[in-house]
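**Student:** Model the following, please.
(one chain, ligands or ions: 1)
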Amino acid sequence: MSDPRERFLLRYAGGFAPFVVSRAEGAWVETTDGRRVLDFTSGQICSTLGHNHPRIAAAVRETLDQVVHLNSWMLSEPVLALAERLALLFPPPLDKVILLNTGSEANEVALKLAKMHTGRFEVAGLARSFHGLLAGISSVNFSMGHAGYGPLLPGALLLPAPYAYRCPIRHCDGACDCTCLETGFALLEQQSVGSLCAVIAEPVLSAGGIIVPPDGYFRRLRELCDERGMLLVLDEAQTGFGRLGTMFGFEHDGIVPDFVAVSKTLGGGVPLAATITSAAVEEDCVGKGFLHVTSHVSDPLPAAAGLAVLEVVEEERLVDRARERGEYLLERLRELQAAHEQIGDVRGRGLLGGIELVEDRESRRPADALGAAVTAECLERGLSMNIVRAGTSANCFRMAPPLTIGEDEIDLAVEILDASLGAVLADRPELAKV
Ligand SMILES: Cc1ncc(COP(=O)(O)O)c(C=O)c1O
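**Tutor:** The predicted model follows:
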């Protein structure tokens, strides 16, 4: 007899969680069999205000009484208000907004506009990046999802990632000096057919293993793009609206990209995304016949949720909260590292924390089996966390709780992780090498 969870649902990512959820609130998820699970993934890294924030619920409820959906050339008040609020949030010249639904779509729209504006088609992504799983955008995903679906888009090129713990060009150890970026651009030149259009990047590579580029990385990337007339797309799906302790990740290096794609965190759990660019790019592309009319472009319901999210982020000072709580989280994770040889590296920015598990610190061999066992043990003890998978390894925990998380909840998560690591290693010592 098959698992009832799998009877009618197509399995889109392996299996399903071993419980069914009845409700969710704040950082907690409750199951139909009465368990409470502390959610350190904010759903799919979307619920930055916590699950079911009452302001989002109220905003959505209001649209249900007024207007949910419209023909996409008809605009509504929530859409006009959100477009204005977003445009004012970004530095000039980023003042044109299109309201979409998913992160893949927001990135695809940025790349469609970049291609149309430059008349070129080659797009570079960083190794271990993740930008979505639709056919076009997944061509510049370099963490997972390529095998089995046939050819990628022509012109998808690769830059090495600034992964200081495992330097891809065997140059740095522990602190990246951006040589990978210079080398990467030299390689781009050699791969290019003369049509270099854009670079797309996450401010912190999340699915790739919480890889935090060094200070100045994006400044240099901006220069390298400008020298070649390439446009820069920042994918802020996970990082936009506070998670890194700044409103946007690109602020860290003081640069302004040509496009910003925001998604997950904009709707706070409601499917909403946006691509933001300059009036000059918009004007040029509209003149060339730009077309992206989808069923739910500019829909009122998700726009109302987005407005509520932006209001709450500001009113509850969630950007500052993320910075403060993020420092606390990293401090607690470093304490844990001191106690466990198998925690090879702790890294992160704001409330996007990562722990890389190794068999031992000398060999740094990725401890994938240990990671899987500890994830299961944590869940058993009431903590939901992700192991992120990039290329052949899956040994890095991602800790991305809601920005509203309390210090007591961080303490509880660290306590559960500590106990789970200890219990798994006591039970299965062969998973580590000490
Ligand atoms: C950085 C980043 N970009 C894009 C996406 C794709 O977003 P969506 O799943 O909404 O298409 C994701 C999803 O995990 C992501 O993490």
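**Student:** For residue 222, grab the count of nearby residues.
**Tutor:** Counted with other Cβ atoms under 10 Å, the neighbours of residue 222 add up to 20. Heads up, the C-betas are built off the backbone N, CA and C, glycines and all.
**Student:** same deal with residue 37?
**Tutor:** Neighbour count of residue 37, defined by other Cβ under 10 Å: 20.
**Student:** In terms of helices and strands, where is residue 312?
**Tutor:** Per DSSP states H and E, residue 312 falls inside helix 300-315.
**Student:** Would you mark the buried spots in that helix?
**Tutor:** Judged by neighbour count using 16 or more other Cβ atoms under 10 Å, the buried positions of helix 300-315 are 300-310, 312-313.
**Student:** next one: stretch 330-343
**Tutor:** Within stretch 330-343, the residues scored as buried using 16+ other Cβ under 10 Å are 330, 332-333, 336-337, 340-343.
**Student:** ok, of these, which one's closest to residue 125?
**Tutor:** Set against residue 125, the nearest of those by Cβ to Cβ is residue 330 (27.0 Å).
**Student:** Am I right that that closest one is in contact with residue 354?
**Tutor:** No - Residue 330 is beyond contact range of residue 354, at 9.6 Å (criterion: Cβ atoms under 8 Å).
**Student:** can you list residues touching both of the two?
**Tutor:** Residues touching both residue 330 and residue 354 (Cβ atoms under 8 Å, 6 or more residues apart in numbering) are 346, 348.
**Student:** Which residues of the chain lie near the ligand?
**Tutor:** 102-104, 107, 130-132, 202, 206-207, 235, 237-238, 263 (Cβ under 6 Å from any ligand atom).
**Student:** any chance of those residues in JSON lines, plus neighbour count?
**Tutor:** Formatted as JSON lines, the residues of the chain next to the ligand follow (neighbours: other Cβ atoms under 10 Å):
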{"residue": "102", "neighbour count": "20"}
{"residue": "103", "neighbour count": "29"}
{"residue": "104", "neighbour count": "22"}
{"residue": "107", "neighbour count": "29"}
{"residue": "130", "neighbour count": "27"}
{"residue": "131", "neighbour count": "30"}
{"residue": "132", "neighbour count": "23"}
{"residue": "202", "neighbour count": "25"}
{"residue": "206", "neighbour count": "28"}
{"residue": "207", "neighbour count": "24"}
{"residue": "235", "neighbour count": "31"}
{"residue": "237", "neighbour count": "27"}
{"residue": "238", "neighbour count": "29"}
{"residue": "263", "neighbour count": "27"}
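**Student:** Which member of these is positioned nearest the ligand?
**Tutor:** Among those, residue 103 lies closest to the ligand (Cβ to the nearest ligand atom), at 2.3 Å.
**Student:** ok, now which ones touch the closest residue to that closest one other than its chain neighbours?
**Tutor:** Spatial nearest neighbour of residue 103, excluding adjacent residues (Cβ to Cβ, 6 or more residues apart in numbering): residue 263 at 3.5 Å. The contact partners of residue 263, taken as Cβ under 8 Å, 6+ apart, are 100, 102-103, 105-106, 237, 240, 272-274.
**Student:** next helix or strand past the worst-scoring helix or strand of the chain on mean pLDDT?
**Tutor:** Of all helical and strand segments in the chain, the minimum by mean pLDDT, DSSP states H and E falls on strand 386-390, at a mean of 84. The C-terminal neighbour of strand 386-390 among helices and strands, as given by DSSP H and E, is strand 393-399.
**Student:** Direction included, what does that next one pair up with?
**Tutor:** Note on strand 393-399: by DSSP bridges, its sheet partners are strand 352-357 (antiparallel), strand 386-390 (antiparallel).
**Student:** any idea which helix or strand comes after that strand?
**Tutor:** Downstream of strand 393-399 (by DSSP H and E), the next one is helix 407-427.
**Student:** got the strands paired with strand 393-399 as TSV, with distance to residue 71 and mean neighbour count columns?
**Tutor:** Formatted as TSV, the strands paired with strand 393-399 follow (distance: least, Cβ to Cβ, whole Å; neighbours: other Cβ atoms under 10 Å):
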stretch	distance to residue 71	mean neighbour count
strand 352-357	38	26
strand 386-390	39	20
